[in-house]
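S.K.: A predicted structure for the sequence below; I have some questions about it.
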Amino acid sequence: MAHRHGKKYAYVITTGLKQIGPRLADAGVDLLYFVDPIQDRLTLEDARDLLARRVTVVGGTNAVSLASREPQRIRDEVRRALDVLGRPSVSSSTRGRDFPDTPLESVMTMIEAWQQYR
């Protein structure tokens, strides 16, 4: 229905990507948000190789890392996600909060790292 109206369809997934990701791609999902290599026990390379040619994959930073308030850990995850999943063309004004209990300074570190490494 979204495609009939010229829109893209996104789906949030943090676990089960290997099992249901290909089915979501077959169903026409355009974008998978919150791909989490730690929670899903799936490497970013595996996620990319499994779906990247069929679906836009967004993720690579774990909520536990953001909660850690460890700037270098967050920067490392952002850089790795960009290196593996590609360089997105998303506007830097996209600054939504993933989870209400995520420390704001961790979100800002993640955004700054994205801006630095993109």
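M.R.: Arrived safely.
S.K.: Please parse the chain into its domains.
M.R.: 1-60, 62-118 (automatic domain parsing).
S.K.: These: lowest mean pLDDT?
M.R.: Of all the domains of the chain, domain 62-118 carries the lowest average pLDDT, namely a mean of 75.
S.K.: what's the span of that domain, first residue to last?
M.R.: 19 Å (CA to CA, to the nearest Å).
S.K.: any idea how far that domain is from the chain center?
M.R.: 9 Å (CA atoms, centre = their mean, to the nearest Å).
S.K.: got the contact list for the host helix or strand of Tyr33?
M.R.: Using DSSP states H and E, Tyr33 sits within strand 31-35. Strand 31-35 has contacts (CB atoms under 8 Å, 6 or more residues apart in numbering) with 8-14, 17, 21, 24, 42, 44, 47, 51, 55-60, 98. For every residue, glycine as well, the C-beta is placed using N, CA and C.
S.K.: contact partners of stretch 3-14?
M.R.: 2, 20-21, 24, 28-36, 39-40.
S.K.: In helices only, show me the contacts of strand 31-35.
M.R.: 17, 21, 24, 44, 47, 51 (DSSP state H).
S.K.: Please look at the second one and Arg48 and confirm they touch.
M.R.: No: using CB atoms under 8 Å, Gly21 and Arg48 do not qualify as a contacting pair, with a distance of 11.2 Å.
S.K.: residues in contact with the closest residue to Leu82 other than its chain neighbours?
M.R.: Spatially, and ignoring its direct neighbours in sequence, Leu82 is nearest to Tyr117 (5.1 Å; CB to CB, 6 or more residues apart in numbering). Counting by CB under 8 Å, 6+ apart, Tyr117 touches 75, 78-79, 82.
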